[in-house]
Each structure stands twice: as structure tokens, then as C-alpha cells.
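[1] okay, here's the prediction I keep looking at, along with the sequence it came from:
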Amino acid sequence: MKSCLPIMVVAFGLVTAVAQARTLTLYNAQHEQVVGMLTAMFTKETGIKVQVHTGEGPDIASQILQEGADSPADVFFTENSPELILLDEKGLLAPVDPATLAKVPGKYSAADGDWLGVLARENVLDFNASMISEGALPVSLMDLAKPEWAGKVGIAPSDADFLPLVSAVIRTQGKAAALTWLNGLKANAKIYEDDESVVAAVARGDVAVGVVNNYYWARLETDLGPKKINSALYHFKHGDIGGLINISGAAVLKSSKNQAAAQRFLAFLVSHEAQVALGESEVDFEYPLAPGVAPNKLLTPFAMLQPPAISVSKLGDDQDAGALLQQAGLI
Amino acid sequence: MAARRPSAGLLAACCVAAGLVLLPLGVTVWNAADAGWDMARALLWRPLTGFLLFNTLRLIACAVITTGLIGTALAWAVERTDLAGKRIWSVLAVVPLAIPPFITSYAWVSISTNLETFWGALLVVTMTYYPLVYLPVAAALREMDPALEETARSLGLGRTAMFLRIILPQLRPALLGGVLLVALDVLVEFGAFALLRFRTFTTAIYGAYRAGFSGAEPALLAMVLLVLCVACLTAEFLVRGRARYGRLARGARRGATKYRLGGWHGLAQAGFASWAALTIGVPVGMIVYWLAQPGDVATAPVAATFGAVVSAAWASVYLGAAGAALTMALALPLGILAARYHGWLVTALERAAYLAQSIPGIVIALALVSLTVHALRPLYESTPLLVAAYAVLFLPLALVSVRAALTQAQPALEEAGRSLGLGRMSVLLRVSLPLAAPGLGAAGALVFISVTTELTATLLLAPIGTQTLATQIWADTSTLAFAAAAPYAAVMAVMSMAASWLLAGRFGAASVFAPARPA
């Protein structure tokens, strides 16, 4: 009997492989709850099932690179544009339907039309008001590398959201300055595994300030309730690099055998219905990119943000950022 | 035995099993070598490696002390004093072994994220692994010859001096062996530290993989970890192999001396009760607490619906069954070889299989990913590959029990079978296996429990769309969604504890709780 089991396992594997052909395979680096909500809506509307493989952005991008021409992925949906740009540079992405691209402002999608901007997020400084007054917060993100910030800063360099920030510093100030900044930051900062840990650390008073994306704070606030949270968000102003906008985007893989269904999924992501659902939900706290769709009430209106003027294509892929973080010994 | 030389078929089966264990090792070395000398120097000779070494080694050093002290103290009280209720205490002292470390970690970190520190990690490690010291030390205390202590006493030694000069030296092999197992388990543990956000080699390897550095960097870190693990395993092997403080005379001996607790009795009872409350009460209590809380809408990756819990439980069960089947299929030929034959080849094959014990799950998983994504593509992200990873991980666990079961089945009966005209295969099927059946059943069940509670390999190798109890707890807990994780944690804890309890009842506590290591 025992010898039958491995055969059954193999048979089971084959059956699932056949079943996969009739469904869309989504490689996901967005938060699972957001994608869970979206795929349920999409399946209800189109009848197309979606199989989701979730991971961290850079690891999924590197996985797709390694899988190459016969990647099982049809669609890649991620939180940060550099990963999409990397895959585009390697020629792995198919052009997005022009009608889909037209749904969102062109500057948030790929210049060559190979990937689609879906949502936007803001880099912020989370601070514990009982440890530091708002007036004492830095004007620029670069200030956090100065000696007076020793022991007060929390960062998560291995979180995918940190890489675009490093890329932005490299692109605007050059590699040498970026490395000096990282070395200073390393001397000052407590290192956490991910942004969730950083907001939790700030809220409990482990560090006074933390470099995070805005939605981690919103998520903690929603869970704890407004009275119980000890921290607040500080927005970098006047186009400081610290206020960088990260773009969540999606693309269809060139190797996908479900091109039509994959394009349909991308069209769905920027449809009015999906964008409104994303804005209203209590699970995602990003800015919907479709014009006229309001974000969650916890968020500062998009028009009031003062992000740096750096385009997604100038930001580029995050290969340099990864190498520099490694050189600084942060990852 | 008629044939002193194993058959070619048996040897071939054993080579396949040993080869499967050596495969991830080979791939890791290959990937690391790919980096070249200069890159390896650049990647390893930097502050991060030093930081990880410091973090890992200081945790091991402290855990060795805490588990050594607590394990020995509890064992002493249970085995050598007039402690009341020692039957209950002796059972409660080993129950934490049936709770997966990352469940304990989940419970503590959900009380307060303040535990995301070195001290939190030490707390969880101590509470999870102290039975690895308790069990061998308790056994050694039970079997000690009272004559030595009586002689010492009559020569005027006091209690403290007696413990330090007579008892402790006799405990040395058991105590050292136990703490080395603790060290090894701390080195290979991933889930518990990841949830506590405490950085060790395993979490850094996962971090490097997550940050998109496939290949050389994780492989190089893995090499450092492997060196540490193999050193621990070798040390443990040497300690166990060394001369024991056994009696030479084979005659009957009286039970070990019992000491009166006297005024300390109340304190001992309170100590045992609070220790059980911490090690068992907290994990179970926190799961129950979070079950009663409303779900975390904003942070939970997946809403814990009834359907989702059932499907995750089913995935864990069928992977457990498949994993146990393949592991047993590999362990059986190796067990037969080890129990019935001798020679350098037999020793080499058996040692190769035990080597798997020192290869962390994360290293095995990463090696299999990098192997199948390039070559062997049909196996990539497939259930058979995940099952193969389980087989490599738990082969040593199964092999210990399989070998012991076959050793107990008398070779004389097999010889009788052969002399009556049965072929080798018929002897195996009609004589050896039925004789060894209870032990084999226990081994299979043990592997089943281990697979259903395994996190690391499952996380990296599960086919797209497959969610198990372990991966769901992981997904929820890494976003601090403790209430959403609770139903999965509850099902896993109940499954693991119930299976261990059934197994202990059926085959004796030793089948589950004896640290399953090469005999």
C-alpha cells in the first residue's frame, strides 16, 4: 500500500497541473488581503479563476527571471515599480492594452506601455509623539544619517519598500553620497525585518521615528483604534526625497499562454469598480490612480502631498540599490 | 545470518536514500562555489556575518545554560526526590515537545511585541527545547547506582558536594548530549525566530532570498551555518560515543536513592506548576484568547473562514501522509542495512542519512528550488518535490525508530524463515516487517506529525495555491494578525498534541518523546 502513495502524489500533481491551464496564475507581491478581495471580485465578474502565488517583490521578480520563458505566471502584481522595470528591461513583459493604460495618468505607468500603474503610496516618517515633538522632526530624509539621530531611527532595509527610497537617493545624489547616507543610517538605526515591525516598534516606543510607507501605520491604526495608537505620520515636504511616491503596478508576462484573460485582469484592476473598492476598503490604504476615485479617509488627500519630482523611469530598477545596501552591510 | 553481504537491490535502495540527502548539500556547495573566492570574501567578510554569528552564538550559549539548568533541576526533582504528583509532572515536563516552536513563538509575541528581542528569543527557545535536556538527564538519574552515593555519604560528603562531585560527573554524557541537541535545534530553527524578528543565520538566508539574491549569497550564508551544524552534530556524536559511567556488574541493582524535599516541597510544587503554566498554559491560553477575539480585518492576509481552515488542514494532512510514506520507503532499506549488516559501506550510508539532521530546512528548500528551476523543471513547484524535501528532513527521525524496531526483531527468526525455504523478499514481508510493525508504525506517525507542523520547506516549496496550516499561521503572524492566525494554530496544536498522546499511549512515551537521534 505504501508504494501506491507516491504514485498517487504524482497523479495528484498531474491533475493540478491540468487544472492550472484553465485558470489565471497571478504572481503577487501585494498584500494578500488586497489581492484576495480583488480576485474574488474578478472571478465573480468574469468566471475566470485566479491562482495566487504570494511573496516579497524582489524575490518574485528574481523568481520570474530564473523561470524565464516558461514561467507559470500570467500576471505579476507588485507594490513597487522597480521590479516591473527590471522585468521589462529583460524583455519578459507583454504590452498592456492601450485602453487599459488610458484609465490612469500616463506618468504612473511604463513609458513603453509594458506595465500598468494601479495604486500609489507615500513614503513617510512614523513618529511616537510621546518621545519626540513634531517640531523636532527632520526637514529631509537625508538628515536621519546625522549623528544626532543615533538610536532614534527604525528602518527595515530588507523590506521591498525600502529599495525604491535608496534608488531615489542614488538617482538624485549619486552613488557615493547614497553610500555615505546609508552608512550614517546604519550607525543610527535599529534594524527590523519589515515595515510592520517598524510601525509596531514606533508605537511601543522602541524607537522615536521609523521610515515606512504610509499604509502600515493606517493598518495598525485600523486594528488598534484611533485612541490606542501612540504614533502619527509626518510627511516630508517641499519635494524632499523622503516623500517619494511608490507605485503598485501590474504586468502581463510575455510567456503567458492566457494573454486575453491576463489583459482582462489588468483592465479590471483599473476599472472604476475595482478602484472604488480599493479606495473604500479597510484592507488597502493606497491611493487609487484612476482619476476621481477617493482614497481611504485615513489618508492625506493625494493633491496635498509634496513628493520629489522623480519619474518612475528615472527611478529605474533597484539593482543598484540592492548592491549598495549590501555594500553598506544593511542586508 | 546466512548472507553477510547485503543484496545489490538493498544497497541500491540505500544509495538512493543517501543520495537524496546529499543532493541539497551538493547543490548548496556548488552554488556557493559559483560565487568565486573574491565574491565569497566580499559577501562573508563583512559586519553582517559577524552580527549574525554573534546573535546566533550568544543565543546558543545562553540557551545551553538555561535549558541545562532547568532540564536538570526538573529531572532531579522528578527522579530523585519524594515530590508528590511526580507522574503528572513528568508528563507535563515533556508536553512542550509536542508544541511546534513557532506556535510557542506566536503565543508569546502576540502577548507583546516587546518580546521581539534577544530575551524573547531566549525565552521561547528555553521553553521549547528544555525537554531535550530533561529526558536524557532524567533517564541517567533513574539508572544511577545508589552504591556510589552511599559510599560518598558514608565518607562524609554533604548534599551539595555530593551533587557536584558524584552525581554531576555521572550526568555528563546525558547533559552534554542534551545541550548539544539544543544548540543544533537553535541553529536550524527558522519560524520561531522569524516571528520574533530575531535575526539568526536562518532568517538572514531567508531575507537574502526574499531580497531577490538567489544563488550565491544565501548559499554562502548557508555554508557558514552548515559548518556550525555539522560541528554540533559531530560533538554530540563524540559525547555519546564516549565511555559511559555504567556499572560493570550485570546483576540486579536497587532503585536510585531518593532524597527528601522536606521544607522545599511547597516551593517545588509551585515551581512545577508555574513552569507548566508558562510552557503549556501560555501557548494554549493565547490560542484560546485569540480565538475569542474578532478577526483583524486590516492586517489579516486571509480571512480565517471555516472553508479556509478545513482546506489548510486537509493540505497539511495529505502532505503529512505522503511525506511519511516516502520517508518510510527510504528509511526501511537503510534501517535493514544498519540493523543486519556491518562494514564501512554500511556505516558510510547510515552516517550520510543522519547528516540530514544538521542541514536546516531552509538550506534544503533553497537548494531544491535552485536545482529544479534550472534543471528538472517538471518537478519545480510540484507536490512531489515538497514531499521529497520532507523525506530528506525527516529521514534521520524515521531511521532511528526503524533501526531500533528491526534490531528488536530477532534475526534468528529470519534465519529460520530462510532455512525453511523462503526467499529474501518473503522473509522480509512475512517475518521481519510483521515483527517490527509497531515500531515502524510509530516511526511513520512521528514523521507525519513532524511534516504537518513543518514550516520552512513548506513555505518555499509549496505548489502555487497550496496553503497549509503552517503557511497560514506564518502569513497571518508576519503581519501581526494574531486573531486570524488563531484557528489555524488551534487546529495544528490539537493535531500535534493528540497525535503525540495517541502515539505515547500506544507505543510508550519513549516512542514520541525520546529525543529521536541515532542510537
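    That came through fine. Numbering: from 1, shown residues only, chains lettered A, B, ... in the order given.
[2] quick one: low-confidence ranges for chain A?
    A:1-22 (pLDDT under 70).
[3] longest strand in it, by number of residues?
    strand A:116-128 (DSSP state E).
[4] so what strands line up beside that one?
    Take DSSP bridges as the rule and strand A:116-128 pairs in its sheet with strand A:209-213 (antiparallel), strand A:231-234 (antiparallel), strand A:245-253 (antiparallel), strand A:287-288 (antiparallel).
[5] how about those in JSON lines, adding mean neighbour count?
    Where you see a C-beta, it was placed from the backbone N, CA and C, and this is true even at glycine. Formatted as JSON lines, the strands paired with strand A:116-128 follow (neighbours: other CB atoms under 10 Å in any protein chain shown):
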{"stretch": "strand A:209-213", "mean neighbour count": "27"}
{"stretch": "strand A:231-234", "mean neighbour count": "19"}
{"stretch": "strand A:245-253", "mean neighbour count": "27"}
{"stretch": "strand A:287-288", "mean neighbour count": "26"}
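[6] so which of the ones you listed is nearest residue B:30?
    strand A:245-253 (28.7 Å; CB to CB).
[7] on that earlier part again, does the next helix or strand after the longest strand of chain A come close to chain B?
    Using DSSP states H and E, the helix or strand that follows strand A:116-128 in sequence is strand A:153-155. No: using CB under 8 Å from any CB of the partner chain, strand A:153-155 never reaches chain B; the gap is at least 11.3 Å.
[8] adjacent strands (with direction) for strand A:153-155?
    strand A:189-191 (parallel), strand A:209-213 (parallel).
[9] and those strands as JSON lines, adding distance to residue B:26?
    Shown next, in JSON lines, are these (distance: least, CB to CB, whole Å):
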{"stretch": "strand A:189-191", "distance to residue B:26": "33"}
{"stretch": "strand A:209-213", "distance to residue B:26": "41"}
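[10] how is chain A divided into domains?
    Per automatic domain parsing, the domain ranges recorded for chain A read A:4-120+A:246-300, A:121-244+A:316-327.
[11] the ones you listed: which one's closest to residue B:361?
    domain A:4-120+A:246-300 (17.2 Å).
[12] residue A:81 against residue A:117, yeah?
    Yes: using CB atoms under 8 Å, residue A:81 makes contact with residue A:117 at a distance of 7.5 Å.
[13] counting neighbours, go ahead and name the busier of the two.
    A side-by-side neighbour count of residue A:81 and residue A:117, using other CB atoms under 10 Å in any protein chain shown, places residue A:81 first with 29 against 24.
[14] which strand or helix spans the residue in the stretch 201-331 of chain A that chain B sits nearest to?
    With CB to the nearest CB, the shortest gap between the stretch 201-331 of chain A and chain B falls at residue A:222, namely 3.8 Å. Secondary structure from DSSP H and E places residue A:222 in helix A:214-224.
[15] ok, residues contacting that helix?
    A:121-124, A:126, A:195-196, A:198-200, A:203, A:229, A:231-233, A:282, A:284-286, A:296, A:298-299, B:296-299, B:479-480 (CB atoms under 8 Å, 6 or more residues apart in numbering or on different chains).
[16] repeat for stretch B:266-277
    For stretch B:266-277, using CB under 8 Å, 6+ apart, the contacting residues are B:70, B:74, B:77, B:81, B:83-85, B:89, B:92-93, B:95, B:261.
[17] can we see that at 7 Å?
    Contact with stretch B:266-277 is made by B:77, B:83, B:89, B:92, B:261, as judged by CB atoms under 7 Å, 6 or more residues apart in numbering or on different chains.
[18] now do the SS call for residue A:257.
    At residue A:257 the chain is in coil, as set by DSSP: H, G, I helix; E, B strand; the rest coil.
[19] how many other residues sit next to it?
    When neighbours are defined as other CB under 10 Å, residue A:257 has 12 of them.
[20] residues in contact with it?
    Residues counted as contacts of residue A:257 (CB under 7 Å, 6+ apart): none.
[21] apply 10 Å and report the result again.
    Residues in contact with residue A:257 (CB atoms under 10 Å, 6 or more residues apart in numbering or on different chains) are A:21, A:25, A:70, A:72, A:74.
[22] in JSON lines, list the residues you listed along with distance to chain B, secondary structure and neighbour count.
    Listed next are these as JSON lines, based on distance: CB to the nearest CB, whole Å; DSSP: H, G, I helix; E, B strand; the rest coil; neighbours: other CB atoms under 10 Å in any protein chain shown:
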{"residue": "A:21", "distance to chain B": "13", "secondary structure": "coil", "neighbour count": "9"}
{"residue": "A:25", "distance to chain B": "6", "secondary structure": "strand", "neighbour count": "24"}
{"residue": "A:70", "distance to chain B": "7", "secondary structure": "helix", "neighbour count": "9"}
{"residue": "A:72", "distance to chain B": "7", "secondary structure": "coil", "neighbour count": "20"}
{"residue": "A:74", "distance to chain B": "11", "secondary structure": "coil", "neighbour count": "24"}
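[23] related to what we said a few turns ago, just the buried members of the contacts of helix A:214-224?
    Among the contacts of helix A:214-224, the ones that count as buried by 16 or more other CB atoms under 10 Å in any protein chain shown are A:121-124, A:126, A:195-196, A:198-200, A:203, A:229, A:231, A:233, A:284-286, A:296, A:298-299, B:296-299, B:479-480.
[24] in this structure residue A:328 contacts residue A:181, no?
    Yes: using CB atoms under 10 Å as the test, residue A:328 is close enough to residue A:181 to be in contact (9.0 Å).
[25] any residues in contact with both of these two?
    Common contacts of residue A:328 and residue A:181 (CB under 10 Å, 6+ apart): residue A:166.
[26] got the residues of the stretch 101-250 of chain A near chain B?
    Neighbours of chain B within the stretch 101-250 of chain A, by CB under 10 Å from any CB of the partner chain: A:156-160, A:162-163, A:186, A:191-197, A:199-201, A:203-206, A:215-216, A:218-224.
[27] which secondary element of chain B has the worst mean pLDDT?
    Least confident helix or strand, chain B: helix B:509-513 with a mean of 58, by mean pLDDT, DSSP states H and E.
[28] quick one, the longest strand of chain A and helix A:214-224 angle?
    Angle between the axes of strand A:116-128 and helix A:214-224 is 60 degrees (criterion: axes from the mean of the first three to the mean of the last three CA atoms, to 10 degrees).
[29] I figured residue A:90 hits residue A:66, correct?
    No: the criterion here is CB under 10 Å, and residue A:90 misses it with residue A:66 at 11.1 Å.
[30] so which bits of stretch A:215-235 are buried?
    Here stretch A:215-235 shows A:215-223, A:229, A:231, A:233-235 as buried, counting by 16+ other CB under 10 Å.
[31] for it, what is the distance to the chain centroid?
    Relative to its chain's centre, stretch A:215-235 lies at 19 Å (CA atoms, centre = their mean, to the nearest Å).
[32] measure it end to end?
    13 Å (CA to CA, to the nearest Å).
[33] where's the residue nearest the centre of chain B, which helix or strand?
    What sits nearest the mean C-alpha location of chain B, by CA atoms, centre = their mean, is residue B:185, with 6.7 Å. Following DSSP H and E, one finds residue B:185 within helix B:168-188.
[34] what average pLDDT does that helix get?
    Averaging pLDDT along helix B:168-188 yields 89.
[35] now for that helix, which elements pack on it?
    Helices and strands touching helix B:168-188, as assessed by 3 or more CB pairs under 10 Å, 6 or more residues apart in numbering or on different chains; DSSP states H and E, comprise helix B:47-80, helix B:118-129, helix B:131-142, helix B:191-196, helix B:201-210, helix B:216-241, helix B:361-374.
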